[in-house]
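Visitor: The following comprises the amino acid sequence and a computationally predicted model.
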Amino acid sequence: MMKTLKPFIPLAVIALLVIGYTLTGPSRMTLDLMNTILIFAAFATAWNIAGGMTGLFSLGHGALFAIGAFGTTILRLNLGVPTFLAILISALLAVLVALFIGAISLRLRGHYFGLATLGLAVIMFIMLQNFPNLTGGDEGITIPKETGFWNLIFQTKEEYVYVTLGLYVITAAIVIVLKHSKKGYQMLAVKEDEVSARSIGIPAVRTKMFAVGLSGFLSALAGAVFAQYTLYITPANVGSVAVTWEPALMAIIGGMVGVFGPLVGAGLITLLEHFVIEAVGSSIPGLSNFIYGGLLIVSILLLPNGVVGIFRNAYDWVVRKITKRPKQPDEISTTSVDVVDADELAEHLEPRSVETTEASVQKEGQR
Amino acid sequence: MSDNILEVSGVSISLGGLQILENVDLTAARGDITGVIGPNGAGKTTLFNIVSGFMKPTAGSVKFNGKELIGRLPEQIAKDGLVRTFQKVRGLPQLSVRENVLIGALNRKHTVRDADDVVAPLLEKLGLSVYAESVAGALPIGLRKRLEVARVLAAEPELVLLDEVMGGLVPSEVQSMMRFIRELADSGISVILIEHHMKAVMGLSSHVVVLERGRNLAEGSPAEVTQDAGVLTAYLGEGYQHVAH
């Protein structure tokens, strides 16, 4: 029992820290940053199911986030669907869209998959702009602040922390369970080498569709909570290209390996954005994007496992120093010649009894 | 059920207008080690690709336990109990040795916990226990070939196709790999070997099939095959005696 609970301990610690800090009564600005970080951490964690764990580098997740945000809002405001049901319906809609896009683009690999899914995000952005009756066009929708748990709308930012934290904890818990499950290992195998995975019985296409679907569902949940939190959604703030690459950026910079990389990435990017805007205001438009670009290049070149990877390496180093355990013997070289040996072949083709062959191999081994 | 675990008959395939295999037959008896040899480009690996479902032949049939495999997906064939290795070791290079074997074991086991039970004994058996937490891609080729075999065995196959598992091994490694393959057959798993390492393939196989330029050239016991004039010519050309000495 302890063993199954162990992977959840860090998540529980994070949750307690967030709650504890919230109880100390931080400023509104700090709370706003915390909520934003937690929503995007959930979004980046959801992205990482496809992008990190299964190797499907999607740049279309903005569309799924937007479906969560606009879907929930339109269902609530135009059709009067109860909030939680509206969230569920729009998340399922996101699953359908994700599976559809998956079905037509999963044959593509690497950059090509990224570009095809980026296309989805762009199409979604243009659609949101061009159905003003439903989406409010470029101005978007202002959601009336009707507070109440069943609306998932609250008066104070403190209360929202519990919602955004809940969103993150649910998303991360699902990923932790997944990581230790058969499906999780199958996803890992598909990411590593699809042919190899299939040759040992892993249904590659089904595994990828599962990853894309689950990732889509959770991304839409994040989008829905974003809508309930900001109460103002526009094609630009939930469905633009800037949104669609945000979870990928966060996961890469934070680290795509562990469960908490996306959280760290979301924290860094959100804070960076905040301080850049605070420092230079809007006097240099696009400066934060410029900095992201630089960060992305630096982290891909120098930190293949993201910021979390640094800590992990440092931890391994400390453990090694303390226990004086040598490095795992993972580099032992043997000379290898991968060709047919003509002499050996000729020698063997001489008619003689087969029984001698194994003996001669043994002799060769002793030589 | 016949005593042939695999029956390939009349398989042909052409790729890009080039006939790779033409009317190839291959039968493997249950519990036996069957060798497939032939000069480079004879179509041995292509034959494995067809049997394991990665390529579709233009004609012919592949029956595994009497059941037609053509049209089935590679992952379904693996579930049926026919698993292969790859000549150019693929594996899962960024995962640990343990994870590689664990993922193989998930072919049969439904939970990670059940699969975990299979891993340790198998690593032990193949002398990989020390490297359990090493990254697979960092291992030298000899160990990676062993890992490839461990991963495939974890999948609990009835028939394994080994594509040049001796390639690049030093003599002592060849010896232990041979011993291991023999143990495999003794434990009831049927084996088909593609091998360029003549001593190994001749020492292990009870039946050898020779392919040349996509056709069946000869077959029989290792002794018969090594004396076949056609085989000698295919490998060494006319006047092979001069090459030999």
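Guide: Noted; the coordinates are in hand. Residues are numbered from 1 along each chain as shown, chains lettered A, B, ... in the order given.
Visitor: Spatially central, which residue of the chain would that be?
Guide: Reading this off chain A. A:Asn48 (1.5 Å; C-alpha atoms, centre = their mean).
Visitor: right idea, wrong chain: chain B
Guide: Mean-position check on chain B, C-alpha atoms, centre = their mean. Result B:Leu162 at 1.8 Å.
Visitor: Tell me where the chain has strands.
Guide: The chain I'm using is chain A. For chain A, the strands defined by DSSP state E cover A:141-142, A:232-233.
Visitor: try again with chain B
Guide: Using DSSP E, strands in chain B cover B:4-15, B:18-29, B:33-37, B:59-64, B:67-68, B:82-84, B:159-163, B:190-194, B:207-212, B:215-220.
Visitor: wait, which of the ones you listed is closest to A:Ala94?
Guide: strand B:82-84 (36.9 Å; C-beta to C-beta). For the C-beta atoms, the positions are set from N, CA and C on the backbone; glycine is no exception.
Visitor: That closest one packs against which elements?
Guide: helix B:44-51, strand B:159-163 (3 or more C-beta pairs under 8 Å, 6 or more residues apart in numbering or on different chains; DSSP states H and E).
Visitor: The first one: how far from the chain's middle?
Guide: Going by C-alpha atoms, centre = their mean, to the nearest Å, the spacing between the C-alpha centre of helix B:44-51 and its chain's C-alpha centre is 10 Å.
Visitor: So what touches that helix?
Guide: The contact list for helix B:44-51 (C-beta atoms under 8 Å, 6 or more residues apart in numbering or on different chains) reads B:6, B:8, B:11, B:13, B:20-21, B:24, B:26, B:36-38, B:55-57, B:62, B:64, B:69-70, B:82, B:84, B:87, B:161, B:163, B:192, B:194, B:211.
Visitor: filter the residues you listed to the buried ones?
Guide: Neighbour counting over the contacts of helix B:44-51 (16 or more other C-beta atoms under 10 Å in any protein chain shown) leaves B:6, B:8, B:11, B:13, B:20-21, B:24, B:26, B:36-38, B:55, B:57, B:62, B:64, B:69, B:82, B:84, B:87, B:161, B:163, B:192, B:194, B:211 as the buried ones.
Visitor: for stretch B:178-194, how far is the first residue from the last?
Guide: 13 Å (C-alpha to C-alpha, to the nearest Å).
Visitor: And the residue of the stretch 151-300 of chain A closest to chain B?
Guide: Going by C-beta to the nearest C-beta, chain B is nearest to A:Gly201 of the stretch 151-300 of chain A, at 3.5 Å.
Visitor: I'd guessed that residue sits against B:Ala78; true?
Guide: Yes. Counting by C-beta atoms under 8 Å, B:Ala78 is a contact partner of A:Gly201 at 3.5 Å.
Visitor: Common neighbours of those two, please.
Guide: Common neighbours of A:Gly201 and B:Ala78 (C-beta under 8 Å, 6+ apart) are B:107, B:155.
Visitor: Which neighbouring elements make contact with the top helix by length along chain A?
Guide: For chain A, the helix with the greatest residue count under DSSP state H is helix A:204-230. Counting contacts by 3+ C-beta pairs under 8 Å, 6+ apart, helix A:204-230 is packed against helix A:28-48, helix A:61-79, helix A:83-105, helix A:157-179, helix A:182-192, helix A:194-199, helix A:235-239.
Visitor: Could I get the average pLDDT for stretch A:50-57?
Guide: Stretch A:50-57 comes out with an average pLDDT of 92.
Visitor: ugh, wrong one, stretch A:116-124
Guide: 92.
Visitor: now swap in stretch A:127-146 and tell me
Guide: The predicted model assigns stretch A:127-146 a mean pLDDT of 92.
Visitor: Same question for stretch B:130-146.
Guide: 88.
Visitor: Quick check, A:Phe210 in contact with A:Gly184.
Guide: No. Taking C-beta under 8 Å as the definition, A:Phe210 is not a contact partner of A:Gly184, at 10.5 Å.
Visitor: can the strands of chain A go into CSV with extra columns for distance to chain B and mean neighbour count?
Guide: Formatted as CSV, the strands of chain A follow (distance: least, C-beta to the nearest C-beta, whole Å; neighbours: other C-beta atoms under 10 Å in any protein chain shown):
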stretch, distance to chain B, mean neighbour count
strand A:141-142, 44, 17
strand A:232-233, 39, 19
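Visitor: Just put these in TSV and tack on distance to B:Gly220.
Guide: Shown next, in TSV, are these (distance: least, C-beta to C-beta, whole Å):
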stretch	distance to B:Gly220
strand A:141-142	79
strand A:232-233	75
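Visitor: Kindly provide the distance from the residue lying closest to A:Ser90 once chain neighbours are set aside to A:Phe65.
Guide: Once flanking residues are discounted, A:Ser90 sits nearest to A:Gly71: 2.7 Å by C-beta to C-beta, 6 or more residues apart in numbering or on different chains. To A:Phe65, A:Gly71 is 10 Å away according to C-beta to C-beta, to the nearest Å.
Visitor: Common neighbours of the two, please.
Guide: A:220, A:223.
Visitor: So for those two, which sits in the more crowded spot?
Guide: Per other C-beta atoms under 10 Å in any protein chain shown, whichever of A:Gly71 and A:Phe65 has more neighbours is A:Phe65, with 33 against 25.
Visitor: so that one makes contact with A:Gly223?
Guide: Yes. In this structure, A:Phe65 is within contact of A:Gly223 by C-beta under 8 Å, at 3.9 Å.
Visitor: beta partners of the closest residue to B:Ala234 other than its chain neighbours?
Guide: Of all residues not flanking B:Ala234 in the chain, B:Glu212 sits nearest, at 4.5 Å (C-beta to C-beta, 6+ apart). Beta-bridge partners recorded for B:Glu212 (DSSP bridges): B:Arg215.
Visitor: What's the per-residue pLDDT of B:Glu212 here?
Guide: Note for B:Glu212: predicted pLDDT of 90.
Visitor: cool, A:Ala279 as well?
Guide: 80.
Visitor: do you know how far B:Thr34 is from A:Ile253?
Guide: Plainly put, B:Thr34 is 53 Å away from A:Ile253 if you go by C-beta to C-beta.
Visitor: circling back to that earlier point, what's the most buried one of the helices and strands packed on helix A:204-230?
Guide: Ranked by mean neighbour count, the helices and strands packed on helix A:204-230 are led by helix A:61-79 with a mean of 26 (mean count of other C-beta atoms under 10 Å in any protein chain shown).
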